[in-house]
Structures are given as structure tokens and as C-alpha cells.
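Participant: Below are the sequence and a predicted model for it; my questions follow.
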Amino acid sequence: MTSIRDLLSSSPDGRTLTVKGWIRTKREAKNAVFLELNDGSCMANLQCVLDAASGLSETLRAELVRCGTGASAAVTGTLVASPAAGQAVELKVSGLEVIGEAPAESYPLQKKNHSLEFLREIAHLRARTNTFGAVARMRNQMAYAIHSFFQERGFQWVHTPVITASDCEGAGAMFQVTTLDLDALARAGKPVDYAKDFFDKKAYLTVSGQLNVETYCMALSRVYTFGPTFRAENSNTTRHLAEFWMIEPELAFAELEDNIALAEDFLKHLFAWALDKCAEDLAFFDKRIQSGIVDTLSSVVKSKFARMTYTEAVKELEKHASEFEFKPYWGCDLQSEHEKYLTEKVVGGPVAVTDYPKEIKAFYMRLNPDGKTVRAMDVLVPRLGEIIGGSEREYRHDVLLARIRELGLPEEAYSWYLDLRRFGTAPHCGFGLGFERLLMYVTGMQNIRDVIPFPRAVHQADF
RNA sequence: UCCCCUGUAGCUCAGUUGGCAGAGCAAGUGGCUGUUAACCACUGGGUCCGUGGUUCAAAUCCGCGCGGGGGAGCCA
């Protein structure tokens, strides 16, 4: 079956074909009826024209009545050049079969604009709108681009576990996984004994695959994860989900500068891919969702990412302290307003900020010789701020162990992670990117719940 | 978790000092020279989120509950 996307770019050679999809609108004039058919292969509809000048057949008229917005239909006709502006080709209809009706009095979608809030309540139908169709196509293309980027560079995709009984992930509140009948235990007044649970101990959904993927990095050299992660944080914002997808590359025998270079190539690859493969959808986002999005992406693709240490960044910010709600000082965690200022005002383009104070970064980051900072990096981009966070990892066993003890972390839980430093250790680094945050950036969508098909958040797990 | 805003027709919203429930779009019907968010005319359409209170009278004021949105913190 030929997709509408292919048909719209093919020549109007008069061949007869049947096209299936969903009716977006029906317009009836005296001498012609116009149906807009969409199959999700692209944003544009196929215009199907019924010649009514000499009267329509009983059969066609009966089908037309059932052919409202939202109905699925098989339309047969010949592909011809369109005499009117607006589309190059159209289907001259000879046969019409409604497959499934969508009664106007009960079908929630109308041929008018709906609010994103309303569409969130009908997440099972919202993919039929222009906006969510475009988001879905972009999400697909970005997933493809992520794999193509890494595969072309010899990175191997590692499937880190979704369920983990490891209590050393430490990236946020976790969802517990159990097969114990907690209701029955509570009714019987019995204590919960996790030694009797499925894994003989407490288990959770993963919050990050990074520590796991590091083990494969120390064998396969260049690896990445791309899969769902889960955070049980009670955060209700436009930027957080309880279930989201994350990309985490890790490369061996590499240092922070290699990491920054990889991140720069990565983002440029993704944005160039979006501009190339999703031009029609991006034009829509630019017009209806976020004006200037195409220019923003293009400028990042053409840019050279700047480098700046945290210490330099704070010095710059201190010069303009009066412009911030939170006054910057050495040792503070950079606020969103600081990050945006650095990339938009100080640099005027993407910038990688490195060497943060160890107190505000994770235990596994490589300690610098100054003993105060670690080899961390955040990539900041205009209009958003931080898009990527990563670091060179601490690969020296004694230093990592000391750091774990200094922070009072459970040493035994990290035994396997420390083993990577006991046996054949090597400098390595990596970064993490939230897939939905990336999608917000490339689509201009303002709420993270609108770039994933079925958002899971606090008090929200419908559909 | 904290702070702010909000809930009225299928959708988006207006509703003045408390005094008969409104508009646009959508839908239905009719019209219209091939339209493209078609256009024009007419018609139908309401548990004013729920609950309790104040009042002669509540969409409007007050309490509680529920839903939605935004911001902060946390972070990806």
C-alpha cells in the first residue's frame, strides 16, 4: 500500500489506486466534494475530489454521509494534477468505502484548534491531530538518528536492566517492584519479609543505566544505552516525568575533551537530521508552536561549541550579578537563569561548562589535581540551558574508594563498580541526555507530557 | 512538597455591584462556480466541577473536596 507521503511527491500519471486513511475534513461545494485524507505518514493530507456536477451515485452519496471528521476510509481514484493551488496532486475519486465511522456528536476531535490540555485528556486520540502526529514523527526520527549516530561511530547498544536490586544507583527516588501480596500481609498483620520476595530482596525500577553500562564500556570500549528509566520523585513540572527515556553513551580510553567533542557531534547530528528528515513538521512547529525553532536548530548545527570552566563561568556571572534572582558565587549550583545567560548572552551559542566543584556533582566523577573540582561537563544551549550532563569517570580505585567513604555511601553495594577499577581500569567518560527533553528542544513543545505518547507523572497513569 | 491561577454549551472563553445563561468555533439543515481552518443564512445544544453555608435571590460571596494549568525545589 502506498503511503500518502509517497503519493504527494509522485507524478500525477493518472494511475488508479486505493488509498486508506482517516478523514480530516469534508468540504462540499455545488459541483465538487473535497475530502482531506491523512494516514500519518506525513503532515499533509491527500485531497480527494468527488465530481458532483453531473450528480453523485446513490452509493457514493450514502458513503459521503458517513464520512465525517475522524472516519476511516478507503478511497479509490486516479492520481491527477490538481487544478487548484495548495497541492500538486489530488485523487479524482471513483469509489469510496467508509471503514469505520466517527459520529460527530460523540467524536471528541473537531476540525478546529483544541488546547493541548484538552488533548491530554484524550491521549488515545490525540495522535490524529497535526501537532501530535508531528511530534510522533519527530520522536521516531530522533530515535533513529540516535542509533544511526552511534552505530556509524562503532558504539554498541547495551541493554541495561529495567529492574534492579542494586541500591547504588542513587539518582533519585525509586519505584519498588514486588510480587508479595502486600494487601494480604497487611490484613493478616504480618510484617513484610523481602527475603521471600521474587528476587529475595527489595527490587526497583532503574533510575539510570550508567553504572551498568560502564561495565560494558570496560569490555566493548564504545557503548550506549537508550531505554526507559523511572523516577518516583514527587515533582509536578513541565519538565519531569515518572517514566522517561534516556540516552547514555560511554567511551573508554577517553578523556573529558573527547566527551565534549562527542556531545557536540551528537547534538549537531540530531538537529541536522531533524532539519533534513522532518522539514515539513518543523515548519509546522515554527509556525504554530515555537516561532524561530528552525533558526535555533540551524544555528546550533553551524556553531562551534565554546568551552568554559565553571570557575570562568562564575566570574562572568558575578559581573552581572544584579540581573539574577539567585546571586552566583563559586560553589553554587548554576541555576537555570545562569545557564541561559551563559549560552545566550556571554557566548551567544552552545557552550560546554567543565570542572565543577565536587560538592555539587556525583561521587563517580574524576577528581582534578586541585582536589576541589571534578571533570564534569554540562552542555548548555540557547533557549533551554542544560541539555547534556556528563563527566570523565574516576578510574583510580583508591581515589574512588576514598570518595565513596567520604560521602558515607554503602561501600559493599559498590563492590562490583569498584571491581572495574581493580581489574584493567581505564580512563573513560560519558554523558546522559533525556530523550523527552531533547524532543522538547527540537519541537518547541513547552510541556514534556506532550512529547511522549502516554505520559506517566504524579497522579497520572491513564491509558 | 510549597506558592499562585483556574473550573460556565462538544471546544475556546465572556458573564459588571449578587437580580431571567451569552459569544465565537464545532454540530444539524438549507444555500453557494474547485474548495483547502471554505464561505453565507438559519436551527438545536447547559447538573455554571461537587458539596455545605450566607442571602428574598448565588455562575458570581464564604468553607471543604475533586480536577486542570503555571512557577519553585529536585533533576533528565
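Facilitator: Everything's here; your move. From a predicted model like this one, the values you see are computed outputs, not experimental measurements. Numbers count the residues shown, from 1 in each chain, chains lettered A, B, ... in the order given.

Participant: mind checking how far the closest residue to A:Ser336 other than its chain neighbours is from A:Arg437?
Facilitator: Counting by C-beta to C-beta, 6 or more residues apart in numbering, A:Ser336 lies nearest to A:Gly385, which is 5.1 Å off, once chain neighbours are set aside. Just so you know, the C-beta spots here come from the backbone N, C-alpha and C atoms, and that holds for glycine as well. Using C-beta to C-beta, to the nearest Å, we find A:Gly385 at a distance of 10 Å from A:Arg437.

Participant: now A:Phe463
Facilitator: 22 Å.

Participant: Same question for A:Leu282.
Facilitator: Distance from A:Leu282 to A:Arg437, by C-beta to C-beta: 18 Å.

Participant: Likewise for A:Leu50?
Facilitator: 46 Å.

Participant: Looking at the two, which is more packed in?
Facilitator: Comparing A:Leu50 with A:Arg437 by other C-beta atoms under 10 Å, the one with more neighbours is A:Leu50, at 25 against 19.

Participant: That one: what's it in contact with?
Facilitator: A:Ala32, A:Val33, A:Phe34, A:Leu35, A:Leu56, A:Leu60, A:Leu64, A:Val93, A:Leu96 (C-beta atoms under 8 Å, 6 or more residues apart in numbering).

Participant: Confirm that it sits in a strand.
Facilitator: Yes: the assignment for A:Leu50 is a strand, going by DSSP: H, G, I helix; E, B strand; the rest coil.

Participant: is A:Glu386 in a bridge, and if so with what?
Facilitator: Legend: beta-bridge partners of A:Glu386 under DSSP bridges are A:Leu380.

Participant: Let's see the helix or strand containing A:Arg187 as CSV, backbone CA atoms only.
Facilitator: Per DSSP states H and E, A:Arg187 falls inside helix A:182-188. Below are the C-alpha coordinates for helix A:182-188, written out as CSV (Å, rounded to 0.1, in the frame of the first residue of the first chain):
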residue,chain,number,x,y,z
LEU,A,182,1.0,-6.6,50.5
ASP,A,183,-2.7,-6.3,51.0
ALA,A,184,-2.9,-9.8,52.4
LEU,A,185,0.1,-9.3,54.7
ALA,A,186,-1.4,-6.1,56.0
ARG,A,187,-4.8,-7.8,56.6
ALA,A,188,-3.1,-10.6,58.5
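
Participant: so how far is it from its chain's centroid?
Facilitator: Centroid separation for helix A:182-188 versus its chain: 40 Å, with C-alpha atoms, centre = their mean, to the nearest Å.

Participant: can you check stretch A:231-241 too?
Facilitator: 15 Å.

Participant: How about stretch A:237-257?
Facilitator: 11 Å.

Participant: Endpoints of it, how far apart?
Facilitator: 33 Å (C-alpha to C-alpha, to the nearest Å).

Participant: what comes up buried for that stretch?
Facilitator: A:240-252, A:254, A:256 (16 or more other C-beta atoms under 10 Å).

Participant: hey, what's the single nearest residue of the stretch 301-450 of chain A relative to RNA strand B bridged with?
Facilitator: Here the residue of the stretch 301-450 of chain A nearest RNA strand B is A:Gly434; by C-beta to the nearest atom of the strand that distance is 3.4 Å. When bridges are called by DSSP bridges, A:Gly434 pairs up with A:Met246.

Participant: ok, now which ones touch it?
Facilitator: For A:Gly434, counting by C-beta under 8 Å, 6+ apart, the contacting residues are A:Phe244, A:Trp245, A:Met246.

Participant: what about stretch A:144-151, near RNA strand B?
Facilitator: No: using C-beta under 7 Å from any atom of the strand, stretch A:144-151 never reaches RNA strand B; the gap is at least 13.9 Å.

Participant: Enumerate the positions of that stretch that are buried.
Facilitator: So, applying 16+ other C-beta under 10 Å, buried residues of stretch A:144-151: A:Ala145, A:Ile146, A:Phe149, A:Phe150.

Participant: So A:Asp16 sits against A:Thr78, correct?
Facilitator: One thing to correct before we go on: residue A:16 is Thr, not Asp. Yes: between A:Thr16 and A:Thr78 there is a contact under C-beta atoms under 8 Å: 5.2 Å.

Participant: Alright, that wraps it up for me.
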